[in-house]
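Participant: Next input, structure requested:
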Amino acid sequence: MSRPRPWLAGWLGWGLCAPWLWAAEPAPPYSREELTELALRHTLEAGEAAWKVSGAQARLRQVEAARFLPRLRLESISGLVPAAEGDIFNPPRDTSGLRDLGPFTQAELEFSQPLYVAGAAHFWRAAREGVAAEEAVLAGQRLELGVEVAELYCGVLLAGELGALATDLRKKIEEKRAEIEDHPAIPLSGRYKFQLALVELDKQQALIAQQRGLALAALAWKAGLREGEEPALDSPGLAPDSAAVPSLDSLCALALACRPDWRRLQAGLRAREAMVETARGGYYPQVVLSGALRYAVAPHRTDQHNPFVKDEFNYLNGGVVLRLRQALEWDLIGAEVDRARAEYEELKAKERLSAQGLRVDVQRAFGEYQQALAELGAATEARRLSRQWAKEAQEAYELDPEEAKELIAGFEAWAQSEQVYYEAVYRHNVALARLEKAAGGLPLRRGQ
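Facilitator: Here you go, the predicted structure:
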């Protein structure tokens, strides 16, 4: 199998508060965690969530930059101007405009520094919470990808186990078919049952191979591997994930602290609250310190020192002013405050419903996991009993070939219990991954 190109290690370029450091792309076989990281990287590179985080951070930098010297500009022009020697008492003799040309340079530096702007700190806080909200969306995407990869990963393992089971069962049937067909004491139904079982196994093996191929292709696409590459999995087989699952109340409490959708809602509430205070700041005056420094020089023109003579080519001046700005549009400001408060209250009402929905979601995932755990226990016991049945039927057949009918029944029960067991393992592992997502990414599997 071809090896994927290595990726350079680097920080996630969208500047999360807790960025992930990605090492070089791991070589196959891949673990479930490695495939999840590859899927996250691939999705972020092609998706819009990371760009939204980048945009929110750019807006935050703009707000932060506006706190200190939001206006600081230097403008400079240079060119050629006609020479002019003299003043109002000694004007130049040549006034034709065709005099010698000389260099001219002009520069102007302007600055503006807010001293008091009501609501500016709240506006900065709203921008910061906007970044937190977009980062929560990104974290939610990561959890969703974890569940999708878990389903595909366990699906590939399930198909492999069922394929191995069908191969093993076919081998056992082939070993016994010749003995049964040649034995005169075996009833006709026993012989046909073996033949029909082989036909069914052929059909099941083809179906399992197709499903495994589709699951591998989906897993490779999700992880961003090259087209046509089938990822090798670093797992000996499908086995139940061991987990330490806390109580339902603890899971609900953890979800309220960790779930990305809840964190996004809380960040949105804080941002809306800050925008209310920002809008209310319109009632208060703004105090801004502004100033400029201007300089111009033209060596071929006489510097005019008379204050009543306007000289646009030789000067050095500047000044600082204190500006006071007061908005008097009280109705417009009041309407803006009411609009911001309405948006905050709208999100506040959504918070109450979301808290209840979050608990229901955790309860549903917890119930599905408990049901899957119970089904796995029952499937494990049925597997143990069917194996014992098949073993005893085999021993009985060896002592008395007329017990072939019991041997066939034991084989059928054993094959069915093995299939039910591995399907129960798949549902258990997927239910555990969904419970981890519902709890906000809380690692429940041991060994993570």
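Participant: Buried residues of stretch 56-67, list them for me.
Facilitator: Residues of stretch 56-67 classed as buried: Ala56, Gln57, Leu60, Val63 (neighbour count, 16 or more other Cβ atoms under 10 Å). Placement of C-beta: from N, CA and C, glycine included.
Participant: Now Leu248. Nearest residue, chain neighbours left out?
Facilitator: Distances taken as Cβ to Cβ, 6 or more residues apart in numbering place Phe366 nearest to Leu248, at 5.2 Å, with adjacent residues excluded.
Participant: was I right about that neighbour contacting Asp249?
Facilitator: No. Assessed by Cβ atoms under 8 Å, Phe366 is found out of contact with Asp249, at 10.3 Å.
Participant: so what does the top helix by length along the chain touch, helix or strand wise?
Facilitator: When the chain is parsed with DSSP state H, its longest helix is helix 330-399. With contacts defined as 3 or more Cβ pairs under 8 Å, 6 or more residues apart in numbering; DSSP states H and E, helix 330-399 has these neighbours: helix 248-258, helix 260-280, helix 404-438.
Participant: Next, the angle from that helix to helix 248-258.
Facilitator: Taking axes from the mean of the first three to the mean of the last three Cα atoms, to 10 degrees, one finds that helix 330-399 is oriented at 130 degrees with respect to helix 248-258.
Participant: what angle sits between helix 330-399 and helix 260-280?
Facilitator: Computed by the same axes, to 10 degrees, the angle between helix 330-399 and helix 260-280 is 180 degrees.
Participant: what separates helix 330-399 from the chain centre, distance-wise?
Facilitator: Relative to the centre of its chain, helix 330-399 is centred 21 Å away, using Cα atoms, centre = their mean, to the nearest Å.
Participant: and what of stretch 78-85?
Facilitator: That offset, for stretch 78-85, works out to 62 Å (Cα atoms, centre = their mean).
Participant: so which of the buried residues of stretch 56-67 comes closest to Ala136?
Facilitator: The closest of the buried residues of stretch 56-67 to Ala136 turns out to be Ala56 (Cβ to Cβ; 11.0 Å).
Participant: who touches Ala127 in this structure?
Facilitator: Applying Cβ atoms under 8 Å, 6 or more residues apart in numbering, we find Ala127 in contact with Ala56, Arg59, Leu60, Gln62, Val63.
Participant: can you rerun that using 6 Å?
Facilitator: Neighbour list for Ala127: Arg59, Leu60, Val63 [criterion: Cβ atoms under 6 Å, 6 or more residues apart in numbering].
Participant: which element is the closest residue to the second one other than its chain neighbours on?
Facilitator: Ranked by Cβ to Cβ, 6+ apart and with sequence neighbours excluded, the top spatial neighbour of Leu60 is Ala127, at 4.4 Å. Assigned by DSSP states H and E, Ala127 belongs to helix 120-182.
Participant: mind checking how far the next helix or strand after that helix is from the chain centre?
Facilitator: As assigned by DSSP H and E, the chain's next helix or strand after helix 120-182 is helix 188-223. Offset of helix 188-223 from its chain centre (Cα atoms, centre = their mean): 36 Å.
Participant: Tell me which other helices or strands helix 188-223 touches.
Facilitator: helix 32-46, helix 120-182, helix 404-438 (3 or more Cβ pairs under 6 Å, 6 or more residues apart in numbering; DSSP states H and E).
Participant: what's around the residue nearest to Asn314 when sequence neighbours are not counted, how many residues?
Facilitator: Of all residues beyond its chain neighbours, the one nearest Asn314 is Asp303 (4.0 Å), with distances taken as Cβ to Cβ, 6+ apart. Asp303 has 13 neighbours, counted by other Cβ atoms under 10 Å.
Participant: go on, Ala292?
Facilitator: 15.
Participant: Can we start the residue count at 803 from this point?
Facilitator: Got it, the first residue is 803 from now on, which makes the last one we talked about Ala1094.
Participant: ok, residues contacting the helix or strand harbouring it?
Facilitator: Ala1094 belongs to strand 1088-1099 when assigned by DSSP H and E. For strand 1088-1099, contacts defined as Cβ under 6 Å, 6+ apart pick out 907-919, 1115-1120, 1122-1127.
Participant: Kindly report the same for stretch 1108-1126.
Facilitator: Residues contacting stretch 1108-1126 (Cβ under 6 Å, 6+ apart): 1087, 1089-1100, 1103, 1105-1106.
Participant: rerun at 8 Å
Facilitator: Contacts for stretch 1108-1126 (Cβ under 8 Å, 6+ apart): 883, 889-890, 906, 908, 911, 917, 1087-1100, 1103-1106.
Participant: Mind giving me the PyMOL select for those, buried ones only?
Facilitator: The command below creates a PyMOL selection of those among the contacts of stretch 1108-1126 that count as buried (16+ other Cβ under 10 Å):
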select buried, resi 906+908+1088+1090+1098+1100+1103+1104+1106
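Participant: Helix, strand, or coil at Gln1106?
Facilitator: coil (DSSP: H, G, I helix; E, B strand; the rest coil).
Participant: scratch that, Tyr918
Facilitator: strand.
Participant: quick one on the thing from earlier: show me the contacts for the residue nearest to Leu1050.
Facilitator: Val1047, Leu1050, Leu1053, Leu1237, Ala1240 are the contacts of Phe1168 under Cβ under 8 Å, 6+ apart.
Participant: got it, and Ala1020?
Facilitator: Counting by Cβ under 8 Å, 6+ apart, Ala1020 touches Leu954.
Participant: Quick check: it vs Arg1014, distance?
Facilitator: Note on Ala1020: its distance to Arg1014, by Cβ to Cβ, to the nearest Å, is 11 Å.
Participant: Please pick the buried ones from the contacts of Phe1168.
Facilitator: By 16+ other Cβ under 10 Å, the contacts of Phe1168 give Val1047, Leu1053, Leu1237, Ala1240 as buried.
Participant: For these, name the two members farthest from one another.
Facilitator: Among the buried ones among the contacts of Phe1168, Val1047 and Ala1240 lie farthest apart (Cβ to Cβ), at 11.5 Å.
Participant: tell me, what's touching those two both at once?
Facilitator: Common contacts of Val1047 and Ala1240 (Cβ under 8 Å, 6+ apart): Leu1053, Phe1168.
Participant: quick check, nearest of the buried residues of stretch 858-869 to Asp1133?
Facilitator: Closest approach between these and Asp1133, by Cβ to Cβ: Val865, at 27.1 Å.
Participant: Surely the closest one is within a helix?
Facilitator: Yes. Read with three-state DSSP, Val865 is one of the residues of a helix.
Participant: from what I can see it touches Ala923, true?
Facilitator: No. The criterion here is Cβ under 8 Å, and Val865 misses it with Ala923 at 10.1 Å.
Participant: Count residues in the vicinity of Val919, would you?
Facilitator: That count, for Val919 with other Cβ under 10 Å as the rule, works out to 19.
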